[in-house]
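Asks: the following comprises the amino acid sequence and a computationally predicted model.
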Amino acid sequence: MDYVTTYCSKYVVNILKDINSGIGASNSDEFTVMGSTLYFKATDGSNGVELWRSDGTTESTVMVKDIYSGATSSWPGHLTTVGSTLYFKATDSSNGVELWKSDGTASGTMLVKDIRSGAGSSNPSKFTAVGSTLYFRATDGVNGDELWKSDGTASGTVMVKDIRSGASHSSPLYLTAVGSTLYFVANDGITGTELWKSDGTTAGTVMVKDIKSGASGSWPEQLTVVGSTLYFQADDGISGYELWKSDGTTAGTVLVKDINSGDFDSYPNQLTAMGSTIYFQASDGSSGFELWKSDGTTAGTVLVKDINSGSGGSYPYSFTLIGSTLYFVANDDISGYEVWKSDGTTAGTMLVKDIRSGASDSDPAYFTVMGSTLYFQANDGTNGIELWKSDGTAAGTVMVKDIRSGASSSDPEDLTVIGSTLYFNSYDTVSGRELRMMNIEHTITYN
């Protein structure tokens, strides 16, 4: 007898835990993965906003530590994983907003260093890992906002360099790791806001290039790594805000292409690496803001497709990679803001699905990849803002579940993947805004 084998997959969405019991919201967010554990901040309604963790079960979803004891919140933020240590900023009853760390246990959750001694706050931010070192921006109350680093010990938490000497701020921004080097943007008070790099030493923390000579600064932004090359936008005072690249040397920091010729700005943004190619949104002054790509050469920096034909611009954003396909949101002036995809060719750049039919927007957001599937929130005009998925085809772009039934929205946010589980927070009328999870259940039937 011949048997027919049937494989079925079912998407199961459940509330993981009603952390703030009843309709009260836990407002869980800042989802961060360390190992196979999800860390986040939330409130149970009694202990204020504190650090929580979950291994994907109700029982394992617990507060790590009540850092600011009682109903007052410690407000953990900037959750960042460096190896097996979670770093974050928080405040307790004694120290103001300072650098903390956790290994996932209450006893292993502690203040790293009171950088600004006493009740004043150092306000650490811009957390970025380079190897086993955490880099960040902070002020000790003497030197202004400067570049700091930490190895997780008080003695190993030090200012790297007082770039803008004295109490003034160099205000490091866009901290980005390229191999063992940290790139960032800072203002030394002499050359304006320019591109800098650091190897973690005072002597090795230097300006890469004074792109816009003088005190006004080129204001680099959108720092993005492709291999060992850093791409960014900057204004040299001649070509406007355009695409630049750097190999870390003065001579190797150059304009890639003056896309909007002359002193006009192309404003390249949404920079995203796919292999050795960088994709971005820019305007050449004729086509509006559209999808571009670059291989780092002038000739290889080209418009991929004029999605909204003419000068209107499709304004592509939320660039997300799955294999060799780039997914993004764009508006062709026919279908509204919807999900698009591109393989880097004009012919291969297309609308995936007009989720909210016609000129209205489905406004897809929170793009997250699990396997070869794209998950996101969208509004089809009937079911409100709900959880959707796409395999890159129109037929395979569907709502996963109408969590808040009818036209009202569950508004799923902070989509985060661990293995084959999708975590997010969303709202219903029973539990309020709480942490939820989606698993895929596979069944095999023999007939």
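Replies: Received the coordinates, thanks.
Asks: quick one: the strands in the stretch 151-300 of the chain?
Replies: 158-161, 173-178, 181-187, 193-198, 206-209, 221-226, 229-235, 241-246, 254-257, 269-274, 277-283, 289-294 (DSSP state E, counting those that start in this stretch).
Asks: any chance of those strands in CSV, with mean neighbour count, mean pLDDT and distance to D145 too?
Replies: C-betas here are computed from N, CA, C, even on glycine. As requested, the strands of the stretch 151-300 of the chain are exported to CSV (neighbours: other C-beta atoms under 10 Å; pLDDT from 0 to 100; distance: least, C-beta to C-beta, whole Å):
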stretch, mean neighbour count, mean pLDDT, distance to D145
strand 158-161, 19, 98, 11
strand 173-178, 19, 98, 10
strand 181-187, 24, 99, 9
strand 193-198, 23, 99, 13
strand 206-209, 18, 99, 17
strand 221-226, 19, 98, 18
strand 229-235, 23, 99, 21
strand 241-246, 24, 99, 23
strand 254-257, 18, 99, 29
strand 269-274, 19, 98, 24
strand 277-283, 23, 99, 29
strand 289-294, 24, 99, 32
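Asks: pLDDT below threshold where in the stretch 301-447 of the chain?
Replies: By pLDDT under 70, the low-scoring segments of the stretch 301-447 of the chain are 441-447.
Asks: mind running it again at 80?
Replies: Applying pLDDT under 80 to the stretch 301-447 of the chain flags residues 440-447.
Asks: since we're on L111, how many residues are nearby?
Replies: Using other C-beta atoms under 10 Å, L111 has 17 neighbouring residues.
Asks: so what's it up against?
Replies: Residues near L111 by C-beta atoms under 8 Å, 6 or more residues apart in numbering: D92, N95, E98, L99, W100.
Asks: who wins for neighbours among those?
Replies: Neighbour-wise, the contacts of L111 (other C-beta under 10 Å) top out at L99, 27 neighbours.
Asks: next, give phi and psi for it.
Replies: phi -80, psi 130 (degrees, to the nearest 10).
Asks: pretty sure it contacts T157?
Replies: Yes: with contacts counted by C-beta atoms under 8 Å, L99 reaches T157, the gap being 6.6 Å.
Asks: mutual contacts of these two, please.
Replies: Looking at what touches both L99 and T157 (by C-beta under 8 Å, 6+ apart), the common residues are V112, K113, I115, S150.
Asks: excluding chain neighbours, give the residue nearest to the third one in space.
Replies: Yep, that's I115 we're talking about. Distances taken as C-beta to C-beta, 6 or more residues apart in numbering place S122 nearest to I115, at 3.6 Å, with adjacent residues excluded.
Asks: okay, that neighbour and A42: tell me how far apart.
Replies: 24 Å (C-beta to C-beta, to the nearest Å).
Asks: please look at K17 and G56 and confirm they touch.
Replies: No: contact between K17 and G56 fails when scored by C-beta under 8 Å: they sit 10.5 Å apart.
Asks: which of the two has more neighbours?
Replies: Using other C-beta under 10 Å as the criterion, K17 and G56 rank with K17 on top: 24 against 16.
Asks: now do the more buried one, the pLDDT please.
Replies: For K17, the pLDDT comes out at 95.
Asks: list the contacts for it?
Replies: So K17 contacts S54, T58, T61, E434, L435 (C-beta under 8 Å, 6+ apart).
Asks: is it true that the first one touches L435?
Replies: Yep, that's S54 we're talking about. Yes: assessed by C-beta under 8 Å, S54 is found in contact with L435 at 6.9 Å.
Asks: what sits in contact with each of the two?
Replies: With C-beta under 8 Å, 6+ apart, S54 and L435 have common neighbours L16, K17, F40, T61, Y423.
Asks: got a markdown table for these, with secondary structure and distance to S239 too?
Replies: Below are the shared contacts of S54 and L435 laid out as a markdown table (DSSP: H, G, I helix; E, B strand; the rest coil; distance: C-beta to C-beta, whole Å):
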| residue | secondary structure | distance to S239 |
| --- | --- | --- |
| L16 | strand | 51 |
| K17 | strand | 53 |
| F40 | strand | 43 |
| T61 | coil | 52 |
| Y423 | strand | 44 |
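Asks: just the buried residues of those residues.
Replies: L16, K17, F40, T61, Y423 (16 or more other C-beta atoms under 10 Å).
Asks: contacts only, for the last one.
Replies: Read it as Y423. Contacts of Y423 by C-beta under 8 Å, 6+ apart are L16, F31, L38, S54, D414, L415, T416, V417, L435, R436, M437.
Asks: try 7 Å
Replies: Neighbouring residues of Y423 by C-beta atoms under 7 Å, 6 or more residues apart in numbering: F31, L38, T416, L435, M437.
Asks: got the phi/psi numbers for D151?
Replies: Here D151 shows phi and psi, under degrees, to the nearest 10, equal to phi -100, psi 10.
Asks: tell me how many other residues crowd it.
Replies: Using other C-beta under 10 Å: D151 sits among 15 other residues.
Asks: and the pLDDT for it?
Replies: pLDDT, D151: 98.
Asks: my guess is it contacts T133. True?
Replies: Yes: with contact defined as C-beta atoms under 7 Å, D151 counts as touching T133 (6.1 Å).
Asks: returning to that earlier point: between the buried ones among the shared contacts of S54 and L435, which is nearest N308?
Replies: Nearest to N308 among these: Y423, at 34.7 Å, using C-beta to C-beta.
Asks: okay, buried residues for stretch 100-108 please.
Replies: W100, K101, S102, G104.
Asks: you'd agree the second one is up against K113?
Replies: Right, the one you point to is K101. No: K101 is beyond contact range of K113, at 9.9 Å (criterion: C-beta under 7 Å).
Asks: excluding its backbone neighbours, what's nearest G392?
Replies: K341 (5.8 Å).
Asks: again with S216
Replies: G192 is the one closest to S216 (C-beta to C-beta, 6+ apart), at 4.9 Å.
Asks: hang on, the earlier thing: turn the buried residues of stretch 100-108 into JSON lines, columns for distance to S318, pLDDT and secondary structure.
Replies: Shown next, in JSON lines, are these (distance: C-beta to C-beta, whole Å; pLDDT from 0 to 100; DSSP: H, G, I helix; E, B strand; the rest coil):
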{"residue": "W100", "distance to S318": "31", "pLDDT": "99", "secondary structure": "strand"}
{"residue": "K101", "distance to S318": "31", "pLDDT": "99", "secondary structure": "strand"}
{"residue": "S102", "distance to S318": "30", "pLDDT": "99", "secondary structure": "strand"}
{"residue": "G104", "distance to S318": "31", "pLDDT": "98", "secondary structure": "coil"}
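Asks: now do the contacts for the nearest residue to V256 once chain neighbours are set aside.
Replies: Among residues not flanking V256 along the chain, L243 sits closest, at 4.4 Å (C-beta to C-beta, 6+ apart). By C-beta under 7 Å, 6+ apart, L243 lies in contact with Y231, Q233, V256, K257, I259, P268, S294, T301.
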